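Colleague: predicted model and sequence follow; I will ask about them next.
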Amino acid sequence: MTKLEDGSEKGLKGHFKEDYSVRTRTGLAPRAGHIERNPPYKRIATEEAWTFPDLVKAQVEYLNSGEAPNDDSLKMAGMFSRMPSLQEMLQDLGDLRLAHMDEYGIDRQLLLLTAPGVQVVRPGEGTPLARQANDIAAEACRKHPDRFSACAAFDPRDVAGSVKEIDRAMSQLKLNGAVLNSHFQGRYIDEPEFFPILEALEAHDAALYIHPTAPFNAPHYEDRGFYGALAGFPHDVWLHTMGLIFSGAFDRFPKLRLVIGHMGEAMPLQLYRFDWMQGNADNRAGLRGGRPPVKLQHPVSYYFQNNIWITTSGVAWEPAVKFCMEQLGSDRVLYAMDYPYQQSSDEVAAYDRMQLSPEHKKMLMQTNAERVFRIR
């Protein structure tokens, strides 16, 4: 038997010796970290990171070449490359990952190519690496069809190549959406030249997951230790999401679906203020390098309630989950763990203990993910 974080033991099949249901029936609350092994829902984790050796090599070689821009997200790739335990978990799409999933009671992972992805390598290398990534992810899904689904990578700097790869990934590889690791050397997909990518995503009914990366050339974050989850990550996705809204992308592509993590990067808390202050950017001339003004058809909150879904990655906090389900809709909040960056039995057990109706608990943990990412 193997000792786990919470002191309990599991056998070869990942089952705890003690029966959670017995404790529940007798009125005893489960201790912290005690995961229910037979819940009335599947746990589908929707922001689970991975990478592969050729991508790590390309990132590190570019970083060390002296030719790369001053990009903190590329520096982050270099930092991650020097963490062997992390790389072992990120690069494994087999026994090690499955063992961790069993340990934490995760039925299925949605694989997302980890930040900073293919968009920070040398120009011209990103699309071939995206193709390689998508082939690897598709093979993992074929080998473990009940355990893995995956989002497709693409390099937005190559618009035509991205459109072609999204088509291949959705039509031939049968992947479950697409992932973009936020900015690419300080550029964002809300700029009109990248709209063919959004058009392709809408045409395939493929949800786009924008995952955080370190802000571009932002020493004020790095100097304070904030370029990661404490500030830089959420702020960059915040900028990307609001940029998409105020670019008019969702009016132009009304069926486009966007997913953002970490409890919506706290953006749902600001919906009232977003609507109140909408005029600061809505229909204003001179923005975006002097482009014509864009007039939105709806309040900002409309797009969060119609085009945007959020995942809970890293935020196993019941008040926040309930607030977002209430304000966005119970069908718009999806469970995610953020493996391997943030994982613990306490986190999973926190969801088991949440006081939600059985219907809403199953939506959160399973059926919302199945619908948004076409998981069958």
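Modeller: Good, I have the coordinates.
Colleague: neighbours around Ala249, how many?
Modeller: 24 (other C-beta atoms under 10 Å). For the C-beta atoms, the positions are set from N, CA and C on the backbone; glycine is no exception.
Colleague: quick check, it in contact with Pro196.
Modeller: No: the criterion here is C-beta atoms under 8 Å, and Ala249 misses it with Pro196 at 11.9 Å.
Colleague: common neighbours of those two, please.
Modeller: In terms of C-beta atoms under 8 Å, 6 or more residues apart in numbering, Ala249 and Pro196 are not both contacted by any residue.
Colleague: where along the stretch 1-150 of the chain do the strands fall?
Modeller: Using DSSP state E, counting those that start in this stretch, the strands of the stretch 1-150 of the chain run over 2-3, 9-10, 44-50, 108-113, 148-150.
Colleague: out of those, which is closest to Arg122?
Modeller: strand 108-113 (17.2 Å; C-beta to C-beta).
Colleague: and the closest one, what does it pack onto?
Modeller: strand 44-50, helix 126-143, strand 148-150 (3 or more C-beta pairs under 8 Å, 6 or more residues apart in numbering; DSSP states H and E).
Colleague: would you list those in CSV and tack on distance to Leu271?
Modeller: Shown next, in CSV, are the helices and strands packed on strand 108-113 (distance: least, C-beta to C-beta, whole Å):
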stretch, distance to Leu271
strand 44-50, 22
helix 126-143, 34
strand 148-150, 30
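Colleague: so which of the ones you listed is nearest Met89?
Modeller: strand 44-50 (8.6 Å).
Colleague: so what are the sheet partners of that closest one and their directions?
Modeller: Strand 44-50 has the following sheet partners, assigned by DSSP bridges: strand 108-113 (parallel).
Colleague: tell me what angle the strand it pairs with forms with helix 126-143.
Modeller: For strand 108-113 against helix 126-143, the angle by axes from the mean of the first three to the mean of the last three C-alpha atoms, to 10 degrees is 160 degrees.
Colleague: show residues contacting strand 108-113.
Modeller: 42-51, 55, 93, 97, 101, 133, 137, 140-141, 146-151, 153, 176-177, 179, 181, 209, 211, 336, 339, 369, 373, 375.
Colleague: centre of the chain versus that strand, how much separation?
Modeller: On the basis of C-alpha atoms, centre = their mean, to the nearest Å, strand 108-113 sits 9 Å off its chain's mean C-alpha point.
Colleague: quick thing: my sequence starts at 318, can you match it?
Modeller: Will do, 318 is the new start, and the previous item becomes strand 425-430.
Colleague: buried residues, that strand. List them.
Modeller: 425-430 (16 or more other C-beta atoms under 10 Å).
Colleague: out of these, flag the one nearest to Gly545.
Modeller: Leu429 (16.7 Å).
Colleague: ok, now which ones touch the residue lying closest to that closest one once chain neighbours are set aside?
Modeller: Counting by C-beta to C-beta, 6 or more residues apart in numbering, Val496 is the residue found nearest to Leu429 once chain neighbours are left out, at 4.5 Å. Shown in contact with Val496 (C-beta under 8 Å, 6+ apart): 429-430, 434, 468-470, 525-528.
Colleague: can you name the element that comes right after the helix or strand containing Val496?
Modeller: Using DSSP states H and E, Val496 maps to strand 495-497. Counting by DSSP H and E, the element after strand 495-497 in chain order, helix or strand, is helix 512-520.
Colleague: so which bits of the helix or strand following that next one are buried?
Modeller: Once helix 512-520 ends, the next helix or strand along the chain (criterion: DSSP H and E) is strand 525-527. Neighbour-count burial for strand 525-527, counted by 16+ other C-beta under 10 Å, picks out 525-527.
Colleague: so which of these is the closest to Tyr668?
Modeller: Tyr526 (20.0 Å).
Colleague: how close does the closest one sit to Ile577?
Modeller: 8 Å (C-beta to C-beta, to the nearest Å).
Colleague: kindly report the same for Leu613.
Modeller: 19 Å.
Colleague: the more surrounded of these two?
Modeller: Ile577 (27 against 18).
Colleague: show me what contacts that one?
Modeller: 526-527, 554, 558, 584, 625-628.
Colleague: most neighbours among the residues you listed, which one?
Modeller: Most surrounded of the contacts of Ile577: other C-beta under 10 Å gives Thr628, at 29 neighbours.
Colleague: where does Glu335 land on pLDDT?
Modeller: For Glu335, the pLDDT comes out at 31.
Colleague: equivalent analysis for Gly328, please.
Modeller: 27.
Colleague: mind listing the strands for the stretch 518-667 of the chain?
Modeller: 525-527, 575-577, 625-628, 650-651.
Colleague: can you put the ones you listed in CSV and add distance to Gln489?
Modeller: Output for those, formatted as CSV (distance: least, C-beta to C-beta, whole Å):
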stretch, distance to Gln489
strand 525-527, 19
strand 575-577, 23
strand 625-628, 25
strand 650-651, 26
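Colleague: for Gly606, find the nearest of those.
Modeller: strand 525-527 (21.8 Å).
Colleague: sheet-wise, list the partners of the closest one with their directions.
Modeller: Short version: by DSSP bridges, strand 525-527 pairs with strand 495-497 (parallel), strand 575-577 (parallel).
Colleague: avg pLDDT for it?
Modeller: 98.
Colleague: who's in contact with it?
Modeller: 363-364, 429, 468, 494-499, 515, 518, 554, 557-558, 573-578.
Colleague: same question for stretch 500-508.
Modeller: 386, 388, 390, 436-437, 472-474, 497, 499, 514-515, 530, 532-534, 553, 556-557, 560-561, 563-564, 566, 605.
Colleague: could you dump the buried residues of strand 425-430 to JSON lines with distance to Arg541?
Modeller: Listed next are the buried residues of strand 425-430 as JSON lines, based on distance: C-beta to C-beta, whole Å:
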{"residue": "Arg425", "distance to Arg541": "37"}
{"residue": "Gln426", "distance to Arg541": "33"}
{"residue": "Leu427", "distance to Arg541": "32"}
{"residue": "Leu428", "distance to Arg541": "32"}
{"residue": "Leu429", "distance to Arg541": "27"}
{"residue": "Leu430", "distance to Arg541": "28"}
